[in-house]
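**Q** Fold the following, please.
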Amino acid sequence: MSTTTDYHVRGMTCAHCASAVTAELSALPGVSDVRVDLDAGAISSVRVTSQTPLSRDQVAAALEEAGDYRLSDDG
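**A** Alright, predicted model coming up:
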């Protein structure tokens, strides 16, 4: 059984940003799918499917590793 969670991410401005975020989140243990709905310069939506729920800290650390991206307070 898997779990899917939507996150709101600030700081992504282009396809390269989305690719970097996808790569870092995909590398987290148990993650099977990452889908980015890029809203350049605004808050983008990121849907992560994983075998077990991820902590907000895990996601935030992966975003930081990918670049200057951060979770929005509302997501």
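
**Q** Against Gln51, how distant is His8?
**A** Counting by Cβ to Cβ, to the nearest Å, the gap between His8 and Gln51 amounts to 23 Å. Placement of C-beta: from N, CA and C, glycine included.

**Q** if you count what's nearby, which of the two comes out ahead?
**A** Shown here are His8 and Gln51; by other Cβ atoms under 10 Å, His8 has more neighbours (16 against 12).

**Q** Surely Val36 touches Ala18?
**A** Yes: checked against Cβ atoms under 8 Å, the pair Val36 and Ala18 is within contact range at 4.2 Å.

**Q** so what sits against both of the two?
**A** The contact sets of Val36 and Ala18 overlap at Met12, Ser44 (Cβ atoms under 8 Å, 6 or more residues apart in numbering).

**Q** Around the nearest residue to Ala23 once chain neighbours are set aside, how many other residues sit close by?
**A** Residue nearest to Ala23 in three dimensions, not counting chain neighbours: Ala66, with 7.0 Å by Cβ to Cβ, 6 or more residues apart in numbering. When counting by other Cβ under 10 Å, one arrives at 21 neighbours for Ala66.

**Q** Ala66 reaches Ala20, doesn't it?
**A** Yes: with contact defined as Cβ under 8 Å, Ala66 counts as touching Ala20 (4.2 Å).

**Q** Pull the contacting residues for the spatially most central residue of the chain.
**A** By Cα atoms, centre = their mean, the chain has its centre lying nearest to Val46, at 4.9 Å. Contacts for Val46 (Cβ under 8 Å, 6+ apart) come out as Asp6, Tyr7, His8, Val9, Val21, Leu25, Val34, Arg35, Val36, Asp37.
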